[in-house]
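> sequence? don't have it. structure:
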Ligand code: G3P
């Protein structure tokens, strides 16, 4: 699975690119708003044209950057998409136009019409706000190069519909959330769902299965990803790309045993070995004083399992 970074923050894009793991960038009006507010709060002038050019140049021609339209009718989206593409694709040949699958303006097919027109004009489209396999199928049929199912928001929706409290980064089990036991119902109906979709990962799985079964030539960008475990699961589900917030990207690198192992390797460097490599051994962490040794050490909290979370939500132990 390719890794895109889901941000309009230039520093985050530069940092992620410097790690050598990023294959593209996605933005949307909310991410642009967040970045504009951050820059203004820091007392900086916002030159949006310059900001977009900087993003495009930072990631270069090999790395697509999605820019979203703001119009909600097909003609408006096509005009904006063409204008954005004409103006910015010449910067680094990497612009993709993001079109909502359904804008709920006028009638339900404005997004599809816009995708078709832009595809006819050979402008690549990332179809966003996809919440069902059916929407993904129609977007691909209209000519989208990418479809973006919003995995995290599917999980939000399922929890909201059932009155389950949660925080944005909370893990939601890919296999779904069991409804309150009802002896009369069969097993399938025992899961909370959104018209048969039991989780965001399930949505990505079903789109991937459907595209594979029917040889649909369209890339799946798993979007609205909230935590590393969900990234792993959409990759296993068959997403071609995961677009990942910067904080989640950083969290993907963390493990307590990696940290502990690194501390041990560093502590074990002998001068004879260091001499082969040049320089001097990194400074050893200060030895704890006897008083500190009696303090309990700060251990990272173990992550709760899905079952723990389910029990906790239900008020169980
Ligand atoms: O790529 C879509 C993403 O930016 C939405 O994420 O976390 O607001 O659902 P989120």
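Okay, I see it. What you see is a predicted model, and the numbers here were worked out from it, not measured in a lab. Residues are numbered from 1 along each chain as shown.
> Residues contacting stretch 114-127, please?
Stretch 114-127 is contacted by residues 26, 64, 66, 69, 74, 77-78, 81-82, 85, 95-101, 111, 135-136, 139-140, 142-148, 221 when judged by Cβ atoms under 8 Å, 6 or more residues apart in numbering. Every C-beta, even on glycine, is put in place using the N, C-alpha and C of the backbone.
> So which of these sit within helices?
Mapping these onto helices (DSSP state H) picks out 74, 77-78, 81-82, 85, 111, 135-136, 139-140, 142.
> which element follows the helix or strand hosting residue 260 toward the C-terminus?
Secondary structure from DSSP states H and E places residue 260 in helix 256-267. Counting by DSSP H and E, the next helix or strand C-terminal to helix 256-267 is helix 271-277.
> Could you count how many residues lie near residue 69?
25 (other Cβ atoms under 10 Å).
> How about residue 42?
7.
> do the same with residue 268
For residue 268, the count of nearby residues is 9 (other Cβ under 10 Å).
> Phi first, then psi, for it.
The phi and psi values for residue 268, taken as degrees, to the nearest 10, are phi -90, psi 0.
> what's the distance between it and the ligand?
In this view, residue 268 and the ligand are 42 Å apart by Cβ to the nearest ligand atom, to the nearest Å.
> List the contacts of that residue.
No residues are in contact with residue 268 under the rule Cβ under 8 Å, 6+ apart.
> Distance-wise, check it relative to residue 35.
44 Å (Cβ to Cβ, to the nearest Å).
> same question, residue 147
From residue 147 over to residue 35 the distance is 25 Å, taken as Cβ to Cβ.
> Tell me which of these two has more neighbours.
More crowded of residue 147 and residue 35, by other Cβ under 10 Å: residue 147, with 29 against 21.
> okay but the more buried one is in contact with residue 220, surely?
Yes - look at residue 147 against residue 220 with Cβ atoms under 8 Å: they come within range, at 6.0 Å.
> List the residues that contact residue 75.
Contacts for residue 75 were tallied using Cβ under 8 Å, 6+ apart; there are none.
> show me where this structure has helices.
For the chain, the helices defined by DSSP H occupy 10-18, 29-41, 48-59, 74-92, 110-120, 133-142, 151-161, 200-213, 228-237, 246-251, 256-267, 271-277, 290-294, 306-313.
> Mind telling me which of those helices the model trusts least?
Among the helices of the chain, helix 306-313 carries the lowest mean pLDDT, at a mean of 45.
> Quick check: the residue nearest to the spatial centre of the chain vs residue 104, distance?
The chain has residue 244 as the residue nearest its centroid, 3.0 Å off, counting by Cα atoms, centre = their mean. As judged by Cβ to Cβ, residue 244 and residue 104 stand 28 Å apart.
> can you check residue 118 too?
As judged by Cβ to Cβ, residue 118 and residue 104 stand 19 Å apart.
> Comparing those two, which residue is more hemmed in?
Shown here are residue 118 and residue 104; by other Cβ under 10 Å, residue 118 has more neighbours (26 against 10).
> list residues touching both of residue 147 and residue 220?
Shared contacts of residue 147 and residue 220, defined by Cβ under 8 Å, 6+ apart, comprise 136, 207.
> Give me the neighbour count for residue 84.
Residue 84 is flanked by 19 other residues according to other Cβ under 10 Å.
> hang on, it packs against residue 67?
Yes - contact criterion Cβ under 8 Å: residue 84 and residue 67 qualify, at 5.3 Å.
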